Structure formats: C-alpha cells, structure tokens
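A.B. asks: Sharing a model that was predicted from the sequence below.
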Amino acid sequence: MIPASWYLILSAALFLIGVLGFFLKRNIIALLLSVEIMLNAVNLTFVVFSDQHRQISGQIFVFFVLVVAAAEAAVGLALVIAMFRNRESLNVDRSNLLKW
Amino acid sequence: MIQILFFFFAAVAAGAAINVLVQKHVLYSALSLILMLTAMSVLFILLRADFLAVIQVIVYAGAIMVLFVFVIMLLNLPEDEDGADRLRWLKFIGIPLGLFFFFLVGATVWNVEPGSGTQAPFVGSPQAIGRALFTDYLLPFEVTSLLILIALVGAVVFAKKDL
Amino acid sequence: MIEYLTSFDFLVLMIKVIVIFGGVMSALAYLTWIERKVMARVQMRPGPTRVGPFGLLQPLADGLKFLFKEDVIPTNANRFLFVAAPIVSLVAALLSFSVIPFGPWLQVTDLSVGLLFIFAITSLGVYGIVLGGWASNSKYPLMGAMRSSAQMISYELSLTLSVVGVLMIANTLSLSQLVASQQSTWLGFIPRWNIFLQPVAFLVYVVSAVAETNRLPFDLAESEQELVAGWHTEYSSMKFAMFMLAEYANMVTVSALATIMFLGGWSGPLFGPNWLQAALPTVWFVLKIFVFIFFYVLLRSTIPRFRYDQLMKFGWKVLLPLSLANILVTSFIVAIS
C-alpha cells in the first residue's frame, strides 16, 4: 500500500523539474518538452486523487489534458518550423526582436 | 512488491525528467521524455487507471513524441550552441530556489488525508470511463473534437511554405 | 515475495512463457523458409533445397551466417542509437505476444485492455525504425526511415479504427473474451465469427496490416530498387537479423490479431481423446495464422509496389473514411437491435 503523499511528492518533483527546464533551456523544442513534463506531473496528481476519492472524474480530466497537450504540441511544432525557416536557429534569444 | 515497483518507476521517471534538462542535443531530451512517459504509464497502472495508462502510451509516447522526433530530425539541428548568453548564471540561483519551492510544496502535500468516496473497489476500466465520458462529460468531449480540428488547421497553416 | 516465486502459479506462468516464446521464436525462423519456398514456387523455381531435406535447415544456416558476419558500425554514426534501434524494434515486436491467447489456457497474461496494449506496443515500434534511420547518418536510411515511419503512423489510424466495430459487438477489450464471444454457432454449423458480421472492417484491417508491417505492396520504404534497403541499409550481422526478426514478428502479431478478432481465435471443432482435445485449439489457431501468412507471401510475390504518394493517399483518403463509415453503420445497427 503506497500512501498518496508519495505520489504527490513525485508529482511535485516532476513539476519542479519541468519549471526549471522551462526557465533554464534556450532551445524552443526543449521548452516544449518541459511543458510536457509539467503536464504529466499534473496528470499524475489527477490520477492519484481520482484513486483516493474513488471517482472517475479525475481520469476524465486527464483524458482532456492529454488531448489539449496533443493539440498544443502540434501547433507549437508548426510554429517552431515556421520560426526555423525565418531565422535558421532555434535559440529563443535570437527571437527577441520585439524588444527594439 | 508494489513498493519496489513504485520506487523503481518513480526513480526512472524522475531520472528521465532530469535527463531531459541535462542533455545537450535535443533529440536525447526527446528520447528521455519518451522513457519518462512510459514510466508514468506504469505508475498509472499502479493507481488502477489501466485504460488511461495504455492511452498515454498510444497518444503521448506513440504519437505526440513521434511528432517531436520527426521535427527534430527534419530540422537537423546541431548540438546546443554555448554562446555568450546572459542567462548562464541563472541556473545557480534557479536550482536552489526551485529546491526551496519543492520543499514548500512537499511539506504541504505530506499531510494529505485519505479521501472520501465509496469503499467499492474502483478500477479505471474502459467501461467506467466510457460511461462518464458519454453521459456527464459529453459537452467537453464534443468541444475537444472541435479543438483538435482547430489545431489541425492551425498546424497546416503555420507550416506551409507559401503563407 | 519469495513465496510467490516458489509457488505453483509462478511455475505454470514460467512454463507458459517458455512455451510461447520458444514456439514464437522458432516459428519466426521458419517463416523465412516459408517465404522463400512459397515465393520460389510462385516464380516456378524450387527455392532453397540444398541445406537439409527440402531446405528445412536453411534458417539455421542463415542464423549461423548472421552470427559470423562482421559487425560494421559506420564511422560518423551515432553509436548509442545505432545499437539501440534494433533492440527497440525487437522488444516492441515480441512484447505483443504476452497477451495473445494461443489456446484456452495458453496465454501469458490476460489484460483487461489487452487489445489496446498491442496497439500501444506497435506504436512504440515505430521508434526503432526512426532511430535506426537517423543513427546511420546516411541519406538512404534517413529517407527510408522517414517514409516508413510516416506510413506506419498513418496506417495505424485505420488499423485501430477498423476494429472498433468488432469491439462494439463484443463489448470488451480483453483478447480472451473476444475469442470467447465467437464460440457459438448459427444454424448449428456456421461459426459465429466476426468476419461474417464485419466484412468491410476485415478488408480494411488486412490492408492496413500489410501497410503497417511494411510488406509489399506497401514497402516503398525498404525497396531494393529505390532505397537500397531502406532504414536497415547500414546494418549487418545480428543487428540486421534483429530487424528482420522484428518485421516477421510484427507480421505474426497482426495475423494473430486478425484471427482473434475476425476468425474466432482458437475456436474450432474438437474431437478425439482428451490429450488431443487439449492441444487442438492451439493447432487451429496456428493454422489460421498460417492462412494469413500465406496470403502475405502470395501478395508479396504477385502485386507490384505502390508509389509513395499513392500509398499515403490510399491510407488517408480511402481506408480512413471507410473505417469511419464502418463504425457509423455498426453503431447504428447495434443501437437499434
């Protein structure tokens, strides 16, 4: 029997790793991967509570999070391709023209 | 036995997530993410959400990550440039702050009480999810199909050569 | 834990694993023999005849040849991914056999979502091809890998959607219950197989299965005339043998799924003494799988190859709408009856 708090600690750790990756990486695709890590940590939290309270709505929500993550990954990668065509680099620091 | 499984796959998930950050080439990061997704799928099975576990492998690790790997391979990126960026010292502040944040959240969730709900055995079987999805959550289900259509059109428009 | 490891259940499980795995691996080796013999006979030549009677020891000779060949890793190849790619392919191909019921009591584990498990493992097998093509650092493998993986993920859609009609009829995702739902008969002698209830789904499934396993007529990604050998151009000796084994194992997996879902799995007439009745379901199952394998090999020796754009158009514009229409019609009929 595994207490729910262990799962929640793991979920917090994964979310933290996602947040750190989002702030510290410069490659756009690595940023998208960090967002996926964060979404997965949230999925784990939902499933833990769905198991604890014996309701199915937690897993339904994970379903929708999965779908939204798929849609966001597709559009994000299309944007990455468009950006790469214009600038030949995936470094986010090269895409700060709005600062001028 | 369950505890051995939990510790092993939790370690795999956390290790793969850290590996996503550590690797220089973004393809290795994507492959580590696939490993993390399959480890999370096993954790879902331990939490009696077996339909969701298999769907996670099919959709996330088998389709979304294939998209990522395709884009990385087609763009043929070199390893990350180590140019003079002003954010290099950021990780020396970021990681301790992040650990502090983690201990804060961890202390909060450590005292989660056992939940309410019926005492009946509960399994996230396809029948249970299907029943809930098509009765209580029918509107969000239909709206997500519209969302996927929008994402499809958006992705095609953004990736076209002649806009 | 130590009580479980020394209990009777664990021993039975280990025996099942050894029987199924051993049987499947030797069947894969002899699949190469079947393919070469049948293709040869279609082309009016004898095929392998020298090694053993009727060339039956040819797979052993091939295995020895693969073991003794020089293992070449190209200079600029990505070593880790180059070695990992065939492992991913082979593990994903063989893992599907853990949920397939070879008989009433010959199934390693009966997951409640067994069918989806096989589809999940098949979609993980795409990574073996993609990584193998990328890691070889050469243009033919890269193009072959991109084409092949795009083809595989496109036909996975019509593959999974074509079986939804069967799932609506049987109301379960577990493979042994799918077999059990086809046990009865109509009129006393016509078995209640799903191929009579879902003919369109059967055709869509078989065509998608041929495309999913990269066999002719859908094998532009590994054709000799166009791409040398596709994604496994740079591979030699045991790694190439692993890719080949993975391809044949995929063929056997989709054939086994086709018999389970459409031809009733291991059900068949039982007769004879008790020991024969225990072994007969497995014999029927293996015979039905061989019908599909024979069909695959005949298809390879007769039909010309599709061009790549024809292939993708066929998958997206013909098979996918057909399987969706099948789902619509089936759900309508199930709802009104």
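C.D. replies: Perfect, I can see it now.
A.B. asks: What lies in contact with stretch C:127-143?
C.D. replies: Here stretch C:127-143 makes contact (CB atoms under 8 Å, 6 or more residues apart in numbering or on different chains) with B:27, B:31, B:34, B:66, B:69-70, B:73, C:74, C:76-78, C:80-82, C:84-90, C:92, C:144-146, C:148-149, C:152, C:227-235, C:243, C:246. In this view, the C-beta of every residue, glycine as well, is placed from N, C-alpha and C.
A.B. asks: pLDDT below threshold where in the stretch 51-200 of chain C?
C.D. replies: Residue ranges of the stretch 51-200 of chain C with pLDDT under 70: C:188.
A.B. asks: B:Asn111 - that's part of a strand, no?
C.D. replies: No - the assignment for B:Asn111 by DSSP: H, G, I helix; E, B strand; the rest coil gives coil, which leaves it out of any strand.
A.B. asks: So the closest residue to it other than its chain neighbours, which state does it fall into?
C.D. replies: Distance criterion CB to CB, 6 or more residues apart in numbering or on different chains; nearest residue to B:Asn111, sequence neighbours excluded, is A:Ser5 at 7.4 Å. Look at A:Ser5: counting by three-state DSSP, its state is helix.
A.B. asks: okay, A:Ser5: pLDDT?
C.D. replies: A:Ser5 is assigned a pLDDT of 85 by the prediction.
A.B. asks: how close does it sit to B:Phe101?
C.D. replies: 17 Å (CB to CB, to the nearest Å).
A.B. asks: My read is that C:Lys123 contacts B:Tyr60, right?
C.D. replies: One correction, residue C:123 is Ser, not Lys. No - between C:Ser123 and B:Tyr60 there is no contact under CB atoms under 8 Å: 10.3 Å.
A.B. asks: Close to chain C: what parts of chain B are there?
C.D. replies: Residues of chain B lying near chain C by CB under 8 Å from any CB of the partner chain: B:1, B:27, B:31, B:34, B:38, B:50-51, B:54-55, B:57-58, B:61-63, B:66, B:69-70, B:73-74, B:123, B:125-126.
A.B. asks: Show me which residues of stretch C:15-31 are buried.
C.D. replies: For stretch C:15-31, burial by neighbour count (16 or more other CB atoms under 10 Å in any protein chain shown) applies to C:Lys16, C:Ile20, C:Val24, C:Ala27, C:Leu28, C:Leu31.
A.B. asks: Quick one: residues in contact with it.
C.D. replies: With contact meaning CB under 8 Å, 6+ apart, stretch C:15-31 is reached by C:59-60, C:63, C:94, C:97-98, C:102, C:106-108, C:245, C:248-249, C:251-252, C:293.
A.B. asks: Just the buried ones among these, please.
C.D. replies: Buried members of the contacts of stretch C:15-31, counted by 16+ other CB under 10 Å: C:59, C:94, C:97-98, C:102, C:106-108, C:245, C:248-249, C:251-252, C:293.
A.B. asks: Low-confidence regions, chain A specifically.
C.D. replies: For chain A, the stretches with pLDDT under 70 are A:98-100.
A.B. asks: which stretches of it form helices?
C.D. replies: Taking DSSP state H, the helices of chain A run over residues A:4-24, A:28-52, A:57-87.
A.B. asks: Kindly reformat these as JSON lines containing mean neighbour count and distance to C:Arg41.
C.D. replies: Formatted as JSON lines, those follow (neighbours: other CB atoms under 10 Å in any protein chain shown; distance: least, CB to CB, whole Å):
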{"stretch": "helix A:4-24", "mean neighbour count": "21", "distance to C:Arg41": "57"}
{"stretch": "helix A:28-52", "mean neighbour count": "22", "distance to C:Arg41": "51"}
{"stretch": "helix A:57-87", "mean neighbour count": "19", "distance to C:Arg41": "48"}
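A.B. asks: would you turn the ones you listed into CSV with distance to C:Val51?
C.D. replies: Below are the helices of chain A laid out as CSV (distance: least, CB to CB, whole Å):
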stretch, distance to C:Val51
helix A:4-24, 55
helix A:28-52, 51
helix A:57-87, 51
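A.B. asks: residue ranges for the helices of chain B, please.
C.D. replies: Here chain B has its helices, by DSSP H, at B:2-22, B:26-46, B:50-55, B:65-75, B:90-109, B:126-135, B:138-158.
A.B. asks: mean pLDDT for these: which is lowest?
C.D. replies: Lowest mean pLDDT within the helices of chain B: helix B:90-109, at a mean of 83.
A.B. asks: Determine the set of other helices and strands touching that helix.
C.D. replies: Identification of packing neighbours for helix B:90-109 by 3 or more CB pairs under 8 Å, 6 or more residues apart in numbering or on different chains; DSSP states H and E yields helix A:4-24.
A.B. asks: quick check: angle from the helix it packs on to helix B:26-46?
C.D. replies: Helix A:4-24 runs at 160 degrees relative to helix B:26-46, counting by axes from the mean of the first three to the mean of the last three CA atoms, to 10 degrees.
A.B. asks: Which residue ranges make up each domain of chain B?
C.D. replies: Domain segmentation of chain B under automatic domain parsing yields B:1-78, B:125-163.
A.B. asks: distance between the last one and the chain's centre?
C.D. replies: The gap between where domain B:125-163 is centred and where its chain is centred comes out at 18 Å by CA atoms, centre = their mean, to the nearest Å.
A.B. asks: Next: the first one.
C.D. replies: Its chain's C-alpha centre lies 7 Å from the corresponding centre of domain B:1-78 when counted by CA atoms, centre = their mean.
A.B. asks: What distance do you get for C:Thr213 to chain A?
C.D. replies: According to CB to the nearest CB, to the nearest Å, C:Thr213 stands 26 Å off from chain A.
A.B. asks: I'd guessed that residue sits against C:Met251; true?
C.D. replies: Yes - C:Thr213 lies in contact with C:Met251 (CB under 8 Å); the separation is 5.1 Å.
A.B. asks: So which residue is dead centre in chain B?
C.D. replies: With distances taken as CA atoms, centre = their mean, B:Leu37 lies nearest the centre of chain B, 5.9 Å away.
A.B. asks: Quick check: closest non-adjacent residue to that residue.
C.D. replies: Per CB to CB, 6+ apart, closest to B:Leu37 is B:Ala61, 4.2 Å.
A.B. asks: Counting neighbours, what do you get for the one you found?
C.D. replies: The local packing of B:Ala61 (other CB atoms under 10 Å in any protein chain shown) involves 22 other residues.
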